[in-house]
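Chemist: sequence and predicted model, in that order:
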Amino acid sequence: MDTKVYWRRLFKRWMVGVLLGVAVAFVVVKMWNNRIIEPDKDTKIVLDPSKVQGRGPDKAGYRSKYERLQKITSTTAARTPLQDLYGTITPSDLHFERHHAGIPEIDPEKHELLIHGLVEQPLVLKLKDLKRYPSVTRICFIECSGNFRYGKREMTPQEVCGLTSQSEWTGVLLSTILEEAGIKPQAEWFLAEGADGALMARSVPLKEALAEAMIAYAQNGEPIRPQQGYPMRLVIPGFEGNTQIKWLRRIELSEKPFMTREETSKYTEKIAKGKIRMFSLVMDARSIITYPAYP
Amino acid sequence: MNKISSFLFVVGALLLAISCSDRQAENVSYAAPSGEGEWKENLDLYQKTWPQKFGIGRQASKERIKKWDIDVNPQGERLPKGEGLASRGKEIYLAKCASCHGKNGHEGPYDQLVVTDTSKRNTIGNYWPYATTIFDYVRRAMPFNAPGSLSDQEVYDVTAYLLYRNKIIEEEYPVNANTLPQIEMPAKSRFVLDDRRGGNEIK
């Protein structure tokens, strides 16, 4: 035999051995890492979390991967998973959504709130101005007045009335801001307008709103999320959600309502004798069993 | 001995009763967060410490207000100059509105605008109480993919066209700041204010 060929064959065999060895070692290490640790033969735990190094802290928290909390979305709304929640507060990322021209992206440095109409001194406020006024914090529900679906036997609470959520809101009372501007005695209503593509606008009776309404800039301890009206929104406890204008940019005091599209052709109800009811602003009571419930 | 033990028993029972009542009081205040009265009382106390004016924010100039003060009410206040014609409005409608509302205003896929004999859907012709609202809304929010892109003139023309298609005005009727608030809408008389008075009644 040629010595050259002999050495080549020997080298090939040696290489095969090394490769096989590496492969076997790899598989063994893999299996060892994935081995089932059974601390107690009576439990079905396959991996004991107390026997492995845990994950370090994060800059923002996250939900357990075993929990699937999700809103049901359509093109203009998202419904809160009522059946998956506990207690009374809706997590901010699961708060229902309803918007008329999508969610605007607003730079708070450029955003301004204009107060005018029947006031002594028209005002322009920025977010940082608003935060300098005395704040109030209050837990309130917000419900879309279109919040009830039926017609199928099998519906989750989320599908039936997921357009309701509850948060702790922080902001400035509307009365604080309007008294700063000075309310003229003939003012009976005000227009609230958002900075979204729809320039969402609703007329609100002044007396009712002055009692409790606030211009909120925080929700559940953090700045209001874009879906909920960042950087500021109107919160009117007990009123239909549509009047609680998000992305609030303008308040105009007036003698009479403005009759915007949202308070005439929408958010009105057909009642008896061919009549149509408008400005039905206070939400009636509604209840639903969230657990046990379908499915 | 018997006296002492019964004395201790009584003392023990009293202590237990006191601790229980304490716990109960805590539970009550915890389970019932601030009611309406408490909120108002606390707020009144808070407000007593406030000055007459805070002086925070800046004064809004007339020009600043004019820039944003776009609402048009049923009295037609703040309607801009210009005059709309249905014939001109048709061109704009077909170019910018028909893809969502249908070539004739009632085929969809989105909101039906023009009243028809066969459909009971809410439209401008059978459900809108004020003609001024058409101008206000179109200028505010339409077209959906380019809100606020129409000129006042175009808004007037589209308003005229929608009123004409709903058989509320004649094709040649000029729509302007003067005429628009005077147009009587068919649905106007159907609208009533909220008449719910609470209680057990369900409507």
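Modeler: Perfect, I can see it now. Numbers count the residues shown, from 1 in each chain, chains lettered A, B, ... in the order given.

Chemist: looking at chain A, which helix or strand is least sure?
Modeler: Lowest mean confidence among the helices and strands of chain A (mean pLDDT, DSSP states H and E): helix A:3-33, at a mean of 86.

Chemist: show me what counts as buried in it.
Modeler: When burial is assessed from 16 or more other CB atoms under 10 Å in any protein chain shown, helix A:3-33 yields no buried residues. Backbone N, C-alpha and C define where each C-beta goes, glycine included.

Chemist: counting by contacts, list what that helix packs against.
Modeler: Packed against helix A:3-33 by the contact rule (3 or more CB pairs under 8 Å, 6 or more residues apart in numbering or on different chains; DSSP states H and E) you find no helix or strand.

Chemist: distance from that helix to the middle of the chain?
Modeler: Centre-to-centre, helix A:3-33 and its host chain are 58 Å apart (CA atoms, centre = their mean, to the nearest Å).

Chemist: chain neighbours aside, what residue packs nearest to the residue most central in space within chain B?
Modeler: For chain B, the residue nearest the mean C-alpha position is residue B:137 (12.5 Å; CA atoms, centre = their mean). Excluding the flanking residues, the one nearest residue B:137 by CB to CB, 6 or more residues apart in numbering or on different chains is residue A:261, at 3.9 Å.

Chemist: near the one you found, how many other residues are there?
Modeler: Neighbour count for residue A:261, taken as other CB atoms under 10 Å in any protein chain shown: 22.

Chemist: quick check, it in contact with residue B:135.
Modeler: No - if you go by CB atoms under 8 Å, residue A:261 and residue B:135 don't touch, sitting 10.5 Å apart.

Chemist: and the pLDDT at the residue in the stretch 51-200 of chain A positioned nearest to chain B?
Modeler: Closest residue of the stretch 51-200 of chain A to chain B, CB to the nearest CB: residue A:122 (3.7 Å). With respect to pLDDT, residue A:122 has a value of 98.

Chemist: so who does it touch?
Modeler: A:114-116, A:181, B:59-60, B:65 (CB atoms under 8 Å, 6 or more residues apart in numbering or on different chains).

Chemist: out of those residues, who's nearest residue A:13?
Modeler: Nearest to residue A:13 out of the contacts of residue A:122 is residue A:114 (CB to CB; 85.9 Å).

Chemist: average pLDDT across the host helix or strand of the closest one?
Modeler: If you go by DSSP states H and E, residue A:114 is part of strand A:113-117. The pLDDT scores in strand A:113-117 average 98.

Chemist: that strand - contacts with which helices or strands?
Modeler: strand A:123-125, helix A:174-181, strand A:248-254, helix B:62-68.

Chemist: what are the ranges of the strands in chain B?
Modeler: Secondary structure of chain B (DSSP state E): strands located at B:58-59, B:83-84, B:175-176, B:191-193.

Chemist: contacts for the first one, please.
Modeler: Looking back up the chat, that one is strand B:58-59. A:121-124.

Chemist: sorry, back to before: what angle sits between the strand holding residue A:114 and strand A:248-254?
Modeler: Calculated by axes from the mean of the first three to the mean of the last three CA atoms, to 10 degrees, strand A:113-117 forms an angle of 10 degrees with strand A:248-254.

Chemist: sheet partners, orientation included, of strand A:113-117?
Modeler: In the sheet, strand A:113-117 lines up against strand A:123-125 (antiparallel), strand A:248-254 (parallel) (DSSP bridges).

Chemist: redo those strands as JSON lines? Include mean neighbour count.
Modeler: Putting those into JSON lines (neighbours: other CB atoms under 10 Å in any protein chain shown) gives the following:
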{"stretch": "strand A:123-125", "mean neighbour count": "22"}
{"stretch": "strand A:248-254", "mean neighbour count": "23"}
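
Chemist: residue A:67: which of those is closest?
Modeler: strand A:248-254 (33.3 Å).

Chemist: who are the contact partners of residue A:255?
Modeler: A:118, A:186-189.

Chemist: the same query, at a cut-off of 10 Å, please.
Modeler: A:117-118, A:184, A:186-189, B:73, B:75 (CB atoms under 10 Å, 6 or more residues apart in numbering or on different chains).

Chemist: make TSV out of those residues and add neighbour count.
Modeler: Listed next are the contacts of residue A:255 as TSV, based on neighbours: other CB under 10 Å:
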residue	neighbour count
A:117	22
A:118	19
A:184	12
A:186	9
A:187	17
A:188	15
A:189	20
B:73	22
B:75	14
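
Chemist: state the pair within those that is farthest apart.
Modeler: A:184 and B:75 (17.8 Å).

Chemist: what does residue A:276 show for phi and psi?
Modeler: phi -130, psi 120 (degrees, to the nearest 10).

Chemist: can you pull up the bridge partners for it?
Modeler: residue A:270, residue B:191.

Chemist: who's in contact with it?
Modeler: A:264-265, A:268-270, B:122, B:127, B:129, B:187, B:189-192.

Chemist: pLDDT wise, what is residue 84 at?
Modeler: No chain was given, so I picked chain A. 96.

Chemist: not quite, I wanted chain B
Modeler: 96.

Chemist: need the nearest residue in space to it, chain neighbours excluded.
Modeler: residue B:156 (3.0 Å).

Chemist: I'd like the distance between the one you found and chain A.
Modeler: 17 Å (CB to the nearest CB, to the nearest Å).

Chemist: can you name the residues that contact that residue?
Modeler: B:79-85, B:88-89, B:135, B:138-139, B:150, B:174-177, B:180.
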